[in-house]
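In: Here is my input; please provide its structure:
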Amino acid sequence: MNKAIDRRVTQPGRFGSASIALLILGACGGGPETSRDDARGQAVQQQANTGSEHGSVRVTLSEAAHRMARITIEVVTASREAARSVRLEVPGQVALDSTRVAVVSARVEGLIERFAVATGERVPAGAPVAWLFSREFLVAERDFLRAAERVRAVAGTEEEAGARALAEAAHQRLRLLGMIEDDIARLEARGVPEGLVTIRAPFAGSILDLYAVQGAAVQPGQALARVADLSTVQVVAAVSEEHIASVRVGTAARMRLAAYGDRPFHGRVTRLHDELDPATRRLRAFITVPNPERLLKPGMFTTVTLDAVGSGAARLAGLVIPASAVVTDGGDRYVFVEVAPRTYERRRVELQEAPISELGIAAPGRVVVRRGIAPGDRLVVLGAFTLKSELGKAAFGEND
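Out: Below you'll find the predicted structure:
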């Protein structure tokens, strides 16, 4: 069997372009190997433009090889619908809404008589959390009872106004020490001081922590418990630096958690942190989420899908193409674009990696290209691996 190989090398200095032309012509005298070469009709021309930022390589197939390859072309088009429908998927974690958390503390020095709640218990607004025995409070109760008795004793006399002023001052002191009006009314009706201050929950919520135990001595301002209203929580989403422009206050969000399967939870971005996390290079987006059933627990991990907006959404959308058009070579990804009849240019592309999970018109089997191709390009969507194989054969022949 005889085979004639004609190689032509074009030097960059002679033609002003860093290109190499290789023409392989197979001619055989007969036999099985000859019939295989004829069936394939192999005639490949490779032009490597080393000066291109995309590392483009061109392949020209013979008519026979083109027929065997059965290449399918699809014209790349920009889709406004895709840009509007972009969803950005990022990790998140359920957290407390800082505006709905309070520390319950003592206003006077004393001893904890007992707690009325346990950790994890839900309480209504104003419910007792603990009772505190305080000598200071005992004195305040006695002063109030004496002032109230004095008002009754001098009623209708010139001294009544002064007595009422003293009673009002004693009343106000009890209020400052944490006593509510109903408790003051009961004290006046009972007429006997107890020295017990009722520490109450400021709003309806769950007792997250108790910071003391029964019998412990406490000082004014010392924290006794922490209560949180979990009817609304925040989800803190971690948005990568390149996607910051796609998220803003008001962006709609949907959360899914492993504990609840496909059940979605909805909210909106209400705040963006002004500083990136130095460890992860991500921006924290705070999403307010209604939680009437208390299903979302602080600390739970969630997948957050954000509606990308503005110019950032357009950048995220990119161009939607079939996944079959993409071939890999090591860590790089390429597509082939038809630039002339039976001539195809290999281009390096950058794909939109996760966190893009939903793209309106993007069905399974399609990917998003961010760089490397443009609307109007004639993209090889079937046959790309054949072209990659022909390039490999041509490069192998040149090395021989």
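
In: lowest confidence element among the helices and strands of the chain?
Out: strand 21-23 (a mean of 33; mean pLDDT, DSSP states H and E).

In: Name the residues of stretch 286-297 that are buried.
Out: In terms of neighbour count (16 or more other C-beta atoms under 10 Å), stretch 286-297 has its buried residues at Phe286, Ile287, Thr288, Val289, Asn291, Leu296. (Glycine included, C-beta is placed from N, CA and C.)

In: All the helices of the stretch 51-200 of the chain, residue numbers only.
Out: 63-69, 80-84, 135-153, 160-176, 181-190 (DSSP state H, counting those that start in this stretch).

In: ok, residues contacting stretch 175-184?
Out: 107-108, 126, 134, 136-137, 140, 144, 171, 174, 187, 197-200 (C-beta atoms under 8 Å, 6 or more residues apart in numbering).

In: on that earlier part again, can you tell which of the helices of the stretch 51-200 of the chain is closest to Ile244?
Out: Among these, the nearest to Ile244 by C-beta to C-beta is helix 80-84 (17.5 Å).

In: Average pLDDT for that closest one, rounded please.
Out: The average pLDDT within helix 80-84 is 51.

In: can you start the count at 306 instead of 1 from here on
Out: Right, with 306 as the first residue, what we last looked at is helix 385-389.

In: what's around Ser439, how many residues?
Out: When neighbours are defined as other C-beta atoms under 10 Å, Ser439 has 23 of them.

In: hang on, it packs against Gly500?
Out: Yes - counting by C-beta atoms under 8 Å, Ser439 does reach Gly500; the two are 6.1 Å apart.

In: where does the stretch 356-505 of the chain dip in pLDDT?
Out: 356-361, 384-391 (pLDDT under 70).

In: again, only using 80
Out: 356-361, 383-392 (pLDDT under 80).

In: picking that back up, go through the helices of the stretch 356-505 of the chain and name the closest to Ser694.
Out: Nearest of those (C-beta to C-beta): helix 368-374, 9.5 Å.

In: Next, the buried residues of that closest one.
Out: Buried-residue list, helix 368-374, by 16+ other C-beta under 10 Å: Ala370, His371, Met373, Ala374.

In: if we can go back for a sec, any idea which of the contacts of stretch 480-489 is closest to Leu366?
Out: Looking across the contacts of stretch 480-489 and measuring by C-beta to C-beta, the closest to Leu366 is Gly431, at 82.4 Å.

In: hey, what's the closest residue to the closest one other than its chain neighbours bridged with?
Out: In space, and not counting its chain neighbours, Gly431 is closest to Arg505: 5.1 Å by C-beta to C-beta, 6 or more residues apart in numbering. With DSSP bridges applied, Arg505 shows beta-bridge pairing to Pro433.

In: Please tabulate the buried residues of helix 368-374 in CSV and include distance to Gly425 as additional columns.
Out: Output for the buried residues of helix 368-374, formatted as CSV (distance: C-beta to C-beta, whole Å):
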residue, distance to Gly425
Ala370, 72
His371, 72
Met373, 71
Ala374, 67
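
In: Could you identify the pair within the residues you listed that is furthest apart?
Out: His371 and Met373 (7.3 Å).

In: Please enumerate the helices of the stretch 606-705 of the chain.
Out: So, for the stretch 606-705 of the chain - with DSSP H, counting those that start in this stretch - the helices run 615-622, 689-704.

In: Worst mean pLDDT among these?
Out: The stretch with the lowest mean pLDDT among the helices of the stretch 606-705 of the chain is helix 615-622, at a mean of 58.

In: list the contacts for Arg599?
Out: Here Arg599 is in contact with Ser511, Leu535, Ser536 (C-beta under 8 Å, 6+ apart).

In: Between the residues you listed, which sits nearest Glu695?
Out: For those, the closest approach to Glu695 (C-beta to C-beta) belongs to Leu535, at 62.4 Å.

In: how about that closest one, secondary structure?
Out: Following DSSP: H, G, I helix; E, B strand; the rest coil, Leu535 is assigned to coil.

In: And the pLDDT for it?
Out: Value for Leu535, per-residue pLDDT: 95.

In: repeat for Gly331
Out: pLDDT, Gly331: 35.

In: What ranges does the stretch 506-655 of the chain have for its strands?
Out: 510-515, 522-523, 528-533, 537-545, 557-561, 570-577, 587-595, 606-612, 624-627, 632-634, 637-645, 648-653, 655-656 (DSSP state E, counting those that start in this stretch).

In: The fourth one pairs with which strands?
Out: Within its sheet, strand 537-545 is paired with strand 391-400 (antiparallel), strand 587-595 (antiparallel), according to DSSP bridges.

In: Same check on the first one?
Out: Strand pairing for strand 510-515, using DSSP bridges, gives strand 427-428 (antiparallel), strand 528-533 (antiparallel).

In: gap between the first one and the chain center?
Out: Remark: strand 427-428 is offset 31 Å from the chain centroid, using C-alpha atoms, centre = their mean, to the nearest Å.

In: List the contacts of that strand.
Out: Val422, Val434, Ala506, Ala509, Gly510, Ser511, Ile512, Val532.

In: one step back: for Glu463, find the nearest of the strands of the stretch 506-655 of the chain.
Out: The nearest among these, by C-beta to C-beta, is strand 522-523 at 44.3 Å.

In: so what does the closest one touch, helix or strand wise?
Out: When contacts are defined as 3 or more C-beta pairs under 8 Å, 6 or more residues apart in numbering; DSSP states H and E, strand 522-523 packs onto strand 415-420.

In: And the strand it packs on, what's buried?
Out: Gly415, Ile417, Glu418, Phe420.

In: quick one: which of those is nearest Glu426?
Out: The closest of those, once distances to Glu426 are taken by C-beta to C-beta, is Phe420, at 10.0 Å.

In: Surely that closest one and Ala432 touch.
Out: No - the criterion here is C-beta under 8 Å, and Phe420 misses it with Ala432 at 11.9 Å.

In: Measure how buried the residue nearest to Gly431 is and give me the count.
Out: Arg505: 18 neighbours (other C-beta under 10 Å).

In: which non-adjacent residue is nearest Pro429?
Out: Closest to Pro429 by C-beta to C-beta, 6+ apart is Ala509, at 5.0 Å.

In: how close does the one you found sit to Arg455?
Out: 39 Å (C-beta to C-beta, to the nearest Å).
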